[in-house]
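Asker: how does the following fold in three dimensions:
(one chain, ligands or ions: 2)
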Amino acid sequence: MGARSVWALGCMSGTSLDGVDAALIRTDGAQIHEFGRGGYRPYSEAERRVLKAALGRWPGEGLEEALSVVQRAHAELLADFPEAELVGFHGQTLAHEPQGRGTHQLGDGAALAEALGRDVVWDFRSADVALGGEGAPLAPFYHFACAKWMKADRPVAFLNLGGVGNLTWVDPRKSSPEIPGALLAFDTGPANAPINDLVGERLGLDCDRDGALAAQGEVADGALELFLEEGFFRRMPPKSLDRDDFSLMLDLVRELSDADAAATMTAMAAAAVMQGMEHCPSPPERLLVTGGGRHNPVMMAMLAAGIDCPVVPVEAAGLDGDMLEAQAFGFLAVRVAQGWPTSAPATTGVAAPVGGGQVSRVGSLVV
Ligand SMILES: Nc1ncnc2c1ncn2[C@@H]1O[C@H](COP(=O)(O)OP(=O)(O)OP(=O)(O)O)[C@@H](O)[C@H]1O
Ligand SMILES: CC(=O)N[C@H]1[C@@H]2OC[C@@H](O2)[C@@H](O)[C@@H]1O[C@H](C)C(=O)O
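Answerer: Ligands and ions are numbered 1, 2, ... in the order given. Got it, this is the predicted structure:
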């Protein structure tokens, strides 16, 4: 493919199970040349129930209905983007045990390529896990490109507050042409997923919108301390999590009122990030927050109170925090098509830099 810049369409169905994001990005897999439009296809209540019931399952474990939800949602959304030359299809993570059974993103990229008539890159995480890596997070190489795009000249950190949280520290002054040099990345801990589960179970809500419930509650310090005793927080990065690895959180807040439980879980997500910040090799100039959690003012205020550098949404740097992960998988798709790595020892703990992803070609990309 040389260093040609292509319009890639990245699509992400995240651990929050709210829907599929898609975003266009023009890139050669090293630099961001232009951002394009994005789109969103929410899952219906019934679809979300099907996906939730499929969580924790592996291929061959009765996933036909969930697969058809994922395929249909993506095909519908992606049909609105005829200008895409290449598609990066993350799929829906159902299970993630990098040191155990592997990692499982539901989705059939070959079928999607046929349905769309576009080349599709998919199954981004398996190769990394096969080489001893965590398989996640994979956005860090894209965060590095964002730091360059922003013309950052000092270390910055990116925090994604999705269902799970993940942090990337990047020094934009150091890099090689194909592998970003100075990076450290890892999952920080649970973020929105347990809060969604709490308010879903107790109040039938999708999420604690704008932190309205948490704002009325008191943080239960005892529960917060027990949470921080989890072994995950003593592990050195790189490290990653499955969506429900911290299901004990619901037990820790079971006796609390709705508002106190929401406040405590929000504080848990923020405290996990504060612990994570201690791993940064040097203090970042600022912490740029992406993902749905940046819309939660209670979570953002807790982070700002506990972190030494400014904590701001990525919009402060001209980026789009609702689309950044989808853009990341468009960017990574181009890297895979180039034969370039998508992860490295410092981002996933993989033995050597590796390019994940299967490529299902139907010939849309002129190389
Ligand atoms: N206004 C808001 N107030 C509170 N929470 C919000 C708001 N908007 C979004 N969220 C939270 O953000 C979540 C969606 O975040 P996002 O789309 O970044 O997650 P995801 O991509 O599914 O997860 P992951 O990054 O773990 O794969 C919602 O499910 C909700 O919990
Ligand atoms: C296994 C998996 O799907 N992990 C997701 C999840 O959601 C956030 C966090 O946990 C991160 O590790 C990853 O997603 C982002 C997009 C990543 O790979 O960078």
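Asker: residue 90 versus the residue of the stretch 251-367 of the chain found nearest ligand 1, what's the distance?
Answerer: Per C-beta to the nearest ligand atom, residue 292 is where the stretch 251-367 of the chain lies closest to ligand 1, at 1.9 Å. C-betas here are computed from N, CA, C, even on glycine. Applying C-beta to C-beta, to the nearest Å, the value for residue 292 to residue 90 is 16 Å.
Asker: check what pLDDT the residue of the stretch 251-367 of the chain closest to ligand 1 gets.
Answerer: We have a pLDDT of 96 for residue 292.
Asker: and it, how close does it get to ligand 2?
Answerer: 11 Å (C-beta to the nearest ligand atom, to the nearest Å).
Asker: tell me, how many residues neighbour the spatially closest residue to that residue that is not a sequence neighbour?
Answerer: Distance criterion C-beta to C-beta, 6 or more residues apart in numbering; nearest residue to residue 292, sequence neighbours excluded, is residue 192 at 5.8 Å. Residue neighbour count, defined by other C-beta atoms under 10 Å, stands at 27 for residue 192.
Asker: in this structure the residue of the stretch 251-367 of the chain closest to ligand 1 contacts residue 162, no?
Answerer: Yes. Contact criterion C-beta atoms under 8 Å: residue 292 and residue 162 qualify, at 6.4 Å.
Asker: joint contacts of those two?
Answerer: With contacts defined as C-beta atoms under 8 Å, 6 or more residues apart in numbering, the residues shared by residue 292 and residue 162 are 16, 192.
Asker: count the residues that sit near the residue of the stretch 251-367 of the chain closest to ligand 1.
Answerer: By other C-beta under 10 Å, neighbour count at residue 292 equals 20.
Asker: nearest spatial neighbour of the closest residue to ligand 1 within the stretch 101-250 of the chain, skipping sequence neighbours?
Answerer: Closest contact between the stretch 101-250 of the chain and ligand 1, by C-beta to the nearest ligand atom, is at residue 162 (2.0 Å). Spatial nearest neighbour of residue 162, excluding adjacent residues (C-beta to C-beta, 6+ apart): residue 291 at 4.4 Å.
Asker: what sits against the one you found?
Answerer: Listed by C-beta under 8 Å, 6+ apart, the contact partners of residue 291 are 159-162, 165, 191-192, 321, 324-325.
Asker: for it, what are phi and psi?
Answerer: phi 90, psi 170 (degrees, to the nearest 10).
Asker: all helices of the stretch 151-300 of the chain, in order?
Answerer: Assigned helices in the stretch 151-300 of the chain, in chain order: 192-203, 212-215, 221-228, 248-252, 258-277, 297-306 (criterion: DSSP state H, counting those that start in this stretch).
Asker: which SS class is residue 94?
Answerer: With DSSP: H, G, I helix; E, B strand; the rest coil as the basis, residue 94 sits in strand.
Asker: which ones are touching it?
Answerer: Contacts for residue 94 were tallied using C-beta under 8 Å, 6+ apart; they are 54-58, 63, 66, 104-106.
Asker: closest one to ligand 2 out of these, please.
Answerer: residue 105 (6.7 Å).
Asker: look at the closest one and tell me its secondary structure.
Answerer: strand.
Asker: give me the number of residues near the residue lying closest to it once chain neighbours are set aside?
Answerer: Once flanking residues are discounted, residue 105 sits nearest to residue 91: 3.6 Å by C-beta to C-beta, 6+ apart. Residue 91 is flanked by 25 other residues according to other C-beta under 10 Å.
Asker: just checking, residue 91 touches residue 122?
Answerer: Yes. Using C-beta under 8 Å, residue 91 is in contact with residue 122, at 6.4 Å.
Asker: pull up the overlap in contacts between these two.
Answerer: Counting by C-beta under 8 Å, 6+ apart, the shared contacts of residue 91 and residue 122 are 105, 107, 109.
Asker: quick one, phi/psi of the second one?
Answerer: Just to be clear, that refers to residue 107. Dihedral pair for residue 107: phi 150, psi 140, per degrees, to the nearest 10.
Asker: could you report the pLDDT at it?
Answerer: 98.
Asker: let's verify the closest residue to it other than its chain neighbours: helix, strand, or coil?
Answerer: Nearest residue to residue 107, sequence neighbours excluded (C-beta to C-beta, 6+ apart): residue 91, at 2.9 Å. At residue 91 the chain is in strand, as set by three-state DSSP.
Asker: nice, that's everything, thank you.
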